[in-house]
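> Take a look and give me a structure for this.
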Amino acid sequence: MKRHCRYLCLMLCSVLWLASAGIAFAETLTINSAINKAGRQRMLSQRMAKAYCQAGLGVEIERSKKIMEQSMILFDKQLADLKTFSPTPEIKETYDRLGQAWTIYRQLLTGSEPNPENVKKIAMASEDVLKLAQQGTMQLETHSGTVAGKLINVAGRQRMLSQRIAKISMLRAWGIDSPQIAQELDTASREFAAAQELLAAAPQNTPAIRGELQLAGTQWLFFEEALKQTGVSRAEQLRNIATTSERILQVMDNVTGMYEGMAR
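Residues are numbered from 1 along each chain as shown. As a prediction, this is how the structure comes out:
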């Protein structure tokens with residue numbers, strides 16, 4: 001009974017999160033809303049791993065657990081929506097494969113308390129899910145064949161990069177580090193900065209979108225500062241990385257929704 005009540009509470013929290021992003025459960029997907037949801041799956045793949053690592057590191061434990069649980073519910077819901085929407089057999093196959101990768105990933109996220117060995121497995125599984133989620137998003141953008149579809153994809157990918165950068169930072173705090181991981185962190189940071197420039201130059205931008213992009217730029221400066229922060233405890237730095245990554249996610253989710261709304 002307690003577990004059932006807890007699940008209902010988590011579902012309610014997920015509904016509220018969706019509502020704040022301007023998304024409704026009863027919505028019939030269009031190609032542009034499908035691109036947005038597909039792109040959000042990329043972000044969730046990284047956000048769940050980030051939150052799992054944070055909880056194990058003692059970084060905002062309860063909030064991190066709630067983020068992970070809400071993200072799992074949302075991933076399940078959006079995966080079902082995208083499977084139903086899939087406009088071509090190739091896209092349907094991608095989402096069938098994503099479902100298989102997600103089953104493995106979900107089992108790891110819920111199978112045990114954070115520990116170094118499981119963190120390594122989760123890092124790998126999050127990459128498998130990300131790869132397929134990216135493939136599906138690109139297929140949907142290509143299917144749309146519009147500038148709007150591209151803008152939704154690019155803006156939506158910024159959400160993923162904010163979480164990916166934070167995830168890699170948390171992995172390194174777990175002692176999972178290598179020249180390759182350092183390169184991935186650098187690549188993600190450079191890709192985020194380049195995409196912000198591309199979005200800022202888009203002639204389709206409204207004053208509201210330009211304002212949100214400027215806000216994202218400010219939050220990005222705070223995020224970079226947190227990543228390089230010295231003179232504070234490691235725990236405080238990780239907490240700052242966690243909170244600033246969430247702020248960027250929120251702003252870029254708003255921007256992505258604005259591009260989707262413009263295209264309707």
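> next helix or strand past whichever strand or helix holds Glu191?
Using DSSP states H and E, Glu191 maps to helix 179-200. The C-terminal neighbour of helix 179-200 among helices and strands, as given by DSSP H and E, is helix 207-227.
> Which positions in that following helix come out as buried?
209, 212-213, 215-216, 219-220, 223, 226-227 (16 or more other C-beta atoms under 10 Å). The way it works is simple: take the backbone N, C-alpha and C, and place the C-beta from them, glycine included.
> can you give me the helices for this structure?
Under the criterion DSSP state H, the chain contains helices at 2-20, 31-57, 61-85, 89-111, 116-144, 147-173, 179-200, 207-227, 234-262.
> Out of those, which one sits most buried?
Highest mean neighbour count of these: helix 31-57, a mean of 26 (counted as mean count of other C-beta atoms under 10 Å).
> Now do it: which elements does it pack against?
Packing partners of helix 31-57 (3 or more C-beta pairs under 8 Å, 6 or more residues apart in numbering; DSSP states H and E): helix 61-85, helix 89-111, helix 116-144, helix 147-173, helix 234-262.
> for those helices, which one sits closest to Ser33?
helix 234-262 (5.9 Å; C-beta to C-beta).
> Check which helices and strands the closest one is in contact with.
By 3+ C-beta pairs under 8 Å, 6+ apart, helix 234-262 packs against helix 31-57, helix 147-173, helix 207-227.
> Now do it: distance to the chain's middle.
9 Å (C-alpha atoms, centre = their mean, to the nearest Å).
> That helix - what's its average pLDDT?
Averaged over helix 234-262, pLDDT sits at 96.
> Next, the angle helix 179-200 makes with it.
Using axes from the mean of the first three to the mean of the last three C-alpha atoms, to 10 degrees, the inter-axis angle of helix 234-262 relative to helix 179-200 is 40 degrees.
> For Lys65, give me the pLDDT.
With respect to pLDDT, Lys65 has a value of 96.
> The one 5 residues further on now?
In this model, Gln70 is scored at 98, pLDDT.
> again, but for the one 3 residues further on
pLDDT recorded at Ile73 is 98.
> on that earlier part again, could I get the helices and strands packed on helix 31-57 as a markdown table with distance to Ala51?
Output for these, formatted as a markdown table (distance: least, C-beta to C-beta, whole Å):
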| stretch | distance to Ala51 |
| --- | --- |
| helix 61-85 | 4 |
| helix 89-111 | 9 |
| helix 116-144 | 11 |
| helix 147-173 | 9 |
| helix 234-262 | 9 |
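> Between those helices, which one is closest to Ile181.
helix 147-173 (6.0 Å).
> Packing partners of that closest one?
helix 31-57, helix 116-144, helix 179-200, helix 207-227, helix 234-262.
> could the ones you listed go into JSON lines alongside distance to Met72?
Converted to JSON lines, these look like this (distance: least, C-beta to C-beta, whole Å):
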{"stretch": "helix 31-57", "distance to Met72": "7"}
{"stretch": "helix 116-144", "distance to Met72": "12"}
{"stretch": "helix 179-200", "distance to Met72": "23"}
{"stretch": "helix 207-227", "distance to Met72": "25"}
{"stretch": "helix 234-262", "distance to Met72": "16"}
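> what's in contact with the helix holding Glu191?
Helix 179-200 has contacts (C-beta atoms under 8 Å, 6 or more residues apart in numbering) with 151, 154-155, 157-158, 161-162, 164-165, 168-169, 171-172, 205, 210, 213, 216-217, 220, 224, 227, 255.
> pLDDT of it, averaged?
Taken as a whole, helix 179-200 has an average pLDDT of 97.
> One more: stretch 47-61?
For stretch 47-61, the mean confidence score works out to 97.
> same check, this time on stretch 88-106
98.
> repeat for stretch 124-142
Here the average pLDDT along stretch 124-142 is 98.
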